[in-house]
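>>> curious how this folds, go ahead:
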Amino acid sequence: MLVVRKSNDRGLAEHGWLKSRHTFSFAEYYDPQFMGFGPLRVINEDRIAPSTGFDTHPHSNMEIISYVISGGLRHRDSMGNVAVIKPGEVQRMSAGTGVAHSEYNDEDSKETHFFQIWITPNERGVKPGYGQKNFEKELNSQKIVHVISPDGKDGTIGIHQNADMYISRLKKSEDLSFKLAEGRKLWIQLVKGSVQINGESLQTGDAIAATDIGTAEIKASDDSEMILFDLP
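Numbering: from 1, shown residues only. Prediction:
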């Protein structure tokens with residue numbers, strides 16, 4: 001079964017300094033039909049104005065992933081990590097027993113555009129942890145790149161959940177087959193471009209939920225980028 005989530009059907013929050021599209025119910029946006037997808041709880045597409053951002057705030061028992069599309073995201077947390085996340089980089093913060101962090105646009109004159117993703121862990125009360133890696137080289141040379149996994153294998157960043165995250169950049173007319181194991185489901189978030197997935201057309205910002213499909217056949221109608229989640 002395939003369910004398309006159109007970009008403009010997502011929740012919208014505009015705070016002047018922040019414009020955010022919420023795929024699933026979040027903060028003041030509530031849609032009982034979109035509370036998450038398996039352990040995938042949040043996909044927020046955020047655009048932060050220059051020299052602004054999220055002040056220090058707490059999290060616990062959540063795997064929080066950030067993927068920067070443009071600009072730079074300046075991160076500071078109570079574990080002592082201080083970093084700027086650049087385009088092509090993936091950051092994972094395992095909140096576990098509790099962590100506080102802040103996120104600011106590191107740019108003085110342009111917005112920072114990134115995806116904030118929350119995945120519920122399969123174990124509560126773990127020690128907080130941090131991971132960050134630049135995948136830009138792989139993204140520009142491979143059709144699909146494995147960036148998040150349950151065990152951190154093969155250069156991925158590990159999380160406390162039986163879930164995998166991939167990023168794919170396809171040129172116009174390129175195609176990709178993504179095979180799902182039995183009992184697994186797939187969420188694909190289109191970052192930019194235009195693709196066909198098993199006959200369904202997706203444009204920038206759209207997403208698709210797939211269950212019991214066996215294989216996702218993806219063909220790019222234009223140069224495209226997408227995030228794929230292989231979930232229990």
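>>> CA only for contacts and neighbour counts going forward, please
Noted.
>>> show me the beta-bridge partners of the most centrally placed residue in the chain.
The centroid of the chain falls nearest to I117 when counting by C-alpha atoms, centre = their mean (4.5 Å). Beta-bridge partners for I117, by DSSP bridges, are I43, I65.
>>> return the residues in contact with it.
40-44, 64-66 (C-alpha atoms under 8 Å, 6 or more residues apart in numbering).
>>> dump those residues to a markdown table, plus distance to K172, neighbour count and pLDDT.
Formatted as a markdown table, the contacts of I117 follow (distance: C-alpha to C-alpha, whole Å; neighbours: other C-alpha atoms under 10 Å; pLDDT from 0 to 100):
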| residue | distance to K172 | neighbour count | pLDDT |
| --- | --- | --- | --- |
| L40 | 29 | 21 | 98 |
| R41 | 31 | 20 | 98 |
| V42 | 29 | 23 | 98 |
| I43 | 26 | 22 | 98 |
| N44 | 26 | 23 | 98 |
| I64 | 31 | 21 | 98 |
| I65 | 28 | 23 | 98 |
| S66 | 26 | 21 | 98 |
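>>> how about those in JSON lines, adding distance to L170?
Below are these laid out as JSON lines (distance: C-alpha to C-alpha, whole Å):
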{"residue": "L40", "distance to L170": "24"}
{"residue": "R41", "distance to L170": "26"}
{"residue": "V42", "distance to L170": "25"}
{"residue": "I43", "distance to L170": "21"}
{"residue": "N44", "distance to L170": "22"}
{"residue": "I64", "distance to L170": "26"}
{"residue": "I65", "distance to L170": "22"}
{"residue": "S66", "distance to L170": "21"}
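>>> which positions in stretch 158-170 come out as buried?
Neighbour counts over stretch 158-170 (16 or more other C-alpha atoms under 10 Å) mark 158-161, 163-170 as buried.
>>> in strands, which of the residues you listed fall?
158, 164-170 (DSSP state E).
>>> of those residues, closest to E28?
Using C-alpha to C-alpha, M165 comes nearest to E28 of those, at 27.0 Å.
>>> surely that closest one and F229 touch.
Yes. In this structure, M165 is within contact of F229 by C-alpha atoms under 8 Å, at 4.6 Å.
>>> what helix or strand is I218 located in?
strand 215-220 (DSSP states H and E).
>>> what comes up buried for stretch 105-116?
105-107, 111-116.
>>> just the terminal-to-terminal distance for that stretch.
14 Å (C-alpha to C-alpha, to the nearest Å).
>>> residues in contact with it?
Taking C-alpha under 8 Å, 6+ apart as the rule, stretch 105-116 contacts 42-53, 64-74, 84.
>>> just those: which are in helices?
Using DSSP state H, no member of these falls within helices.
>>> what does the strand holding I218 contact?
Counting by C-alpha under 8 Å, 6+ apart, 170-180, 193-198 sit against strand 215-220.
>>> let's see 6 Å
172-180, 195-198 (C-alpha atoms under 6 Å, 6 or more residues apart in numbering).
>>> that strand - which strands sit beside it in the sheet, and in what orientation?
strand 175-179 (antiparallel), strand 194-197 (antiparallel).
>>> just checking: what are the partner strands of the next helix or strand after it?
Per DSSP H and E, strand 215-220 leads on to strand 224-231 as the next helix or strand towards the C-terminus. Here strand 224-231 is paired, per DSSP bridges, with strand 164-170 (antiparallel), strand 185-192 (antiparallel).
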